[in-house]
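Asker: Pasted the sequence and its predicted model underneath.
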Amino acid sequence: MNLIAGALPDGPTDADIVILALDRIDETLAAIRSARDQTGVATHLFVLDQGSRPEGLRRLADAIRQTPGAALLEAGGNLGVAAGRNLLSGLGHARVIVALDNDAEFATAGTVARLVAALDAEPRLAAVGCRIVSHADGTDDLSSWGYPASLLPRATESFDTVTYVGAGHAIRRSAWQQAGGYDSKLFFCWEEFDFCLRAIALGWRIRYRGDIVVRHKVAAEQRVGWTEARWFYFVRNRLYIERKLGLTWPSIAPRAAGYLLRGVRNGLLMQTVRAICAALEMAPRRTRRRMPRQAQSYLLRNDRVHRGSILQRLRNEALSRIGAVATAK
């Protein structure tokens with residue numbers, strides 16, 4: 001890792017803002033400006049480049065040199081979302097870590113201040129997830145809705161949950177440290193959920209705030225598509241997390257079967273098979289102790305009751321598949 005431009009913090013701050021960069025230079029520059037313009041709290045901005053082309057990296061360096069309280073670092077390659085955020089978060093000292101995707105912007109100049117205030121107001125909150133809306137028209141970005149579909153009508157409200165969306169969120173540093181940060185093995189996909197599960201097991205809460213907004217452009221450049229590696233990581237990482245929770249492979253089988261069904265439905269069967277095999281390889285041979293009872297109760301009332309059982313969802317997938325085949329005939 002090399003410091004390309006700017007400087008690391010030399011004084012106290014309220015929030016460290018972290019942005020991972022890989023090309024998408026125009027969007028990343030807009031995200032940097034959005035972070036620079038935050039008011040009401042002391043911040044330091046960290047940008048980690050993970051393999052942008054040289055001309056793009058020069059443009060990022062020029063922007064950081066003109067931005068007080070900012071640093072641009074070069075990773076020397078793509079470390080992944082989990083490891084990249086871990087690296088940047090470990091360089092800061094602020095009590096709150098705010099993450100912003102490099103194709104997103106804070107909706108107002110007071111967004112970070114509101115995130116810090118939200119965590120300060122509730123000492124047992126580990127993290128706060130923002131409402132993610134389309135940059136173009138302000139409607140909810142459905143590709144960034146990481147909560148039960150039944151809660152979508154409450155997108156402007158606030159509620160306790162079991163995860164947050166990476167495009168825009170804030171984490172209490174003490175919770176991040178106690179839970180051990182992100183699992184770098186995940187590389188991409190489900191890293192936020194995995195962190196939240198460990199935090200919840202330690203007695204922390206997670207909150208969605210529909211009144212704190214991040215605008216997302218959903219840039220196509222360097223985006224991992226569902227027909228490429230995204231589905232692979234989605235399946236592999238989710239099964240790996242189930243195993244980390246202490247579940248046996250027979251109890252995980254219904255979820256794996258549901259993924260196989262979806263894989264067949266979407267023409268991704270072989271990618272699904274590879275993902276399941278990869279999960280078998282990377283999962284711990286010895287399972288950890290199951291979630292504490294109070295944590296299981298938290299998961300039930302703040303997530304599972306809104307989704308239905310795995311078998312119910314598998315049944316819905318099967319019915320959808322049958323309907324699709326009937327329509328095709």
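Answerer: It's in.
Asker: Give the burial count for Leu247, as a bare number.
Answerer: For Leu247, the tally of surrounding residues (other Cβ atoms under 10 Å) stands at 17. C-beta: built from backbone N, CA, C; applies to glycine.
Asker: you'd agree it is in a strand?
Answerer: No - residue state for Leu247 (DSSP: H, G, I helix; E, B strand; the rest coil) corresponds to coil; a strand is not indicated.
Asker: Any figure for the gap between it and Tyr298?
Answerer: Summarising the geometry, the distance separating Leu247 from Tyr298, computed by Cβ to Cβ, to the nearest Å, is 17 Å.
Asker: just Thr161 next, same as before
Answerer: Between Thr161 and Tyr298 the distance is 10 Å, computed by Cβ to Cβ.
Asker: do the same with Trp231
Answerer: Noted for Trp231: a distance of 29 Å to Tyr298, by Cβ to Cβ.
Asker: any idea how far Ala253 is from Phe232?
Answerer: Using Cβ to Cβ, Ala253 is found at 19 Å from Phe232.
Asker: Between the two, which has more neighbouring residues?
Answerer: Phe232 (20 against 13).
Asker: Leu45 pairs with what?
Answerer: Per DSSP bridges, residues listed as beta-bridge partners of Leu45: Ile17, Ala70.
Asker: and Leu152, which of the three is it?
Answerer: In terms of secondary structure, Leu152 is helix; the call rests on three-state DSSP.
Asker: Contacts only, for it.
Answerer: Remark: with contacts taken as Cβ atoms under 8 Å, 6 or more residues apart in numbering, Leu152 is in contact with Asp140, Leu142, Trp145.
Asker: Also Ser150?
Answerer: By Cβ under 8 Å, 6+ apart, Ser150 lies in contact with His306, Arg307.
Asker: got it, and Tyr182?
Answerer: For Tyr182, the contacting residues are Val81, Ala82, Ala83, Arg85, Asn86, Glu191, Asp194, Phe195, by Cβ under 8 Å, 6+ apart.
Asker: what's near enough to touch Ala283?
Answerer: If a contact means Cβ under 8 Å, 6+ apart, then Ala283 has Leu239, Tyr240, Arg243, Lys244 as its contacts.
Asker: can you map out the helices along the stretch 101-250 of the chain?
Answerer: Across the stretch 101-250 of the chain, reading from the start of the chain, the helices by DSSP state H, counting those that start in this stretch fall at 111-121, 173-179, 191-201, 231-244, 249-265.
Asker: I'd like to know which elements the fourth one is packed against.
Answerer: Under the contact criterion of 3 or more Cβ pairs under 8 Å, 6 or more residues apart in numbering; DSSP states H and E, helix 231-244 touches helix 191-201, helix 249-265, helix 269-282.
Asker: Give me the contacts around it.
Answerer: Contact partners of helix 231-244, identified using Cβ under 8 Å, 6+ apart, comprise 185-191, 193-194, 197, 224, 249, 252, 255-256, 259, 263, 266, 268, 271-272, 274-276, 278-279, 282-284, 287-288.
Asker: what is the orientation angle of it with helix 269-282?
Answerer: With axes from the mean of the first three to the mean of the last three Cα atoms, to 10 degrees as the basis, helix 231-244 and helix 269-282 are set at 30 degrees to each other.
Asker: The closest residue to Leu60 other than its chain neighbours is in what secondary structure piece?
Answerer: Residue nearest to Leu60 in three dimensions, not counting chain neighbours: Leu72, with 5.7 Å by Cβ to Cβ, 6 or more residues apart in numbering. Assigned by DSSP states H and E, Leu72 belongs to strand 70-74.
Asker: what's that strand in contact with?
Answerer: 1-8, 32, 35-36, 44-49, 57, 60-61, 64, 87-88, 91.
Asker: which helices and strands does the next helix or strand after that strand pack with?
Answerer: Moving toward the C-terminus from strand 70-74, the first helix or strand encountered (DSSP H and E) is helix 81-91. Using 3+ Cβ pairs under 8 Å, 6+ apart as the contact definition, the elements that helix 81-91 packs against are strand 15-21, strand 43-49, strand 70-74, helix 191-201.
Asker: how about a markdown table for these, with mean pLDDT, distance to His306 and mean neighbour count added?
Answerer: Putting the helices and strands packed on helix 81-91 into a markdown table (pLDDT from 0 to 100; distance: least, Cβ to Cβ, whole Å; neighbours: other Cβ atoms under 10 Å) gives the following:
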| stretch | mean pLDDT | distance to His306 | mean neighbour count |
| --- | --- | --- | --- |
| strand 15-21 | 98 | 30 | 26 |
| strand 43-49 | 98 | 34 | 26 |
| strand 70-74 | 98 | 39 | 22 |
| helix 191-201 | 97 | 15 | 23 |
